[in-house]
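# based on what follows, work out the 3D shape:
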Amino acid sequence: MKILVLIDGSKWSQKAALHAIGLAKRKNAEVVLFSVLDIAEAKTMAFNFCAQSGICEQLKDYEGRIWKDMRKSIEDDQNSILSRYQGERVRCSSKIVEGAIRDEILKEANSSEYGLIVMGAFGRSGKSRITALLEQIGGAVRPPLLVVR
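Just a heads-up that it's a prediction; the model follows:
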């Protein structure tokens, strides 16, 4: 069995990874850490910075820097999780894709490769982001979905 763990950089997604690793150990399963980078988030963050600072002539440059930072941040987060559980004797890999978050998660989750999807209860803000994501994907993923609090 393969377990897909949704990683967004939050402590909640790290807790989800911890639970998935524990399940994988008991079931001799494989864990895939999965993250989606959405360019719309980088554009929104750059626009908000531009609007607040009044320095809009460098908007494209800000978008590029934010996009690069987002990629590095999620790569660091996934690598941290992979190294933390390296000695657990669980097959674990990572995957980062670019696109619309909902669409990419559904495409991966419904690819028939996974027997379980694990996600944290909240996103990076600690508020409702992951709950909103849960509403978007909850009824649309075919494998069972485990939400970790």
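
# what distance do you get for the nearest residue to His19 once chain neighbours are set aside to Leu116?
Distance criterion CB to CB, 6 or more residues apart in numbering; nearest residue to His19, sequence neighbours excluded, is Val148 at 5.0 Å. Yep, even glycine has a C-beta here, placed from its N, CA and C like the rest. Distance, Val148 to Leu116, by CB to CB, to the nearest Å: 12 Å.

# repeat for Lys25
Counting by CB to CB, the gap from Lys25 to Leu116 is 14 Å.

# please say which of these two ends up with more neighbours.
Using other CB atoms under 10 Å, the more surrounded residue of Lys25 and Leu116 is Leu116, with 20 against 14.

# would you confirm that the more buried one contacts Ala16?
No: at 11.1 Å, Leu116 does not count as touching Ala16 under the criterion of CB atoms under 8 Å.

# which pLDDT value goes with the residue lying closest to Asn110 once chain neighbours are set aside?
With CB to CB, 6+ apart as the criterion, Asn110 has its nearest non-adjacent residue at 5.1 Å, and that residue is Arg142. Looking at Arg142, its pLDDT reads 95.

# then Asn110?
Reported pLDDT for Asn110: 97.

# try Gln52
88.

# any idea how far it is from Glu98?
Going from Gln52 to Glu98 by CB to CB gives 26 Å.

# looking at the two, which is more packed in?
Glu98 (12 against 8).

# so in this protein, where's the weakest helix or strand by average pLDDT?
The weakest-scoring helix or strand in the chain, judged by mean pLDDT, DSSP states H and E, is helix 129-137 (a mean of 73).

# excluding its backbone neighbours, what's nearest Lys11?
Gly120 is the one closest to Lys11 (CB to CB, 6+ apart), at 7.7 Å.

# related to what we said a few turns ago, which helix or strand lies directly C-terminal to the least confident helix or strand of the chain?
The helix or strand immediately downstream of helix 129-137 is strand 145-148, counting by DSSP states H and E.
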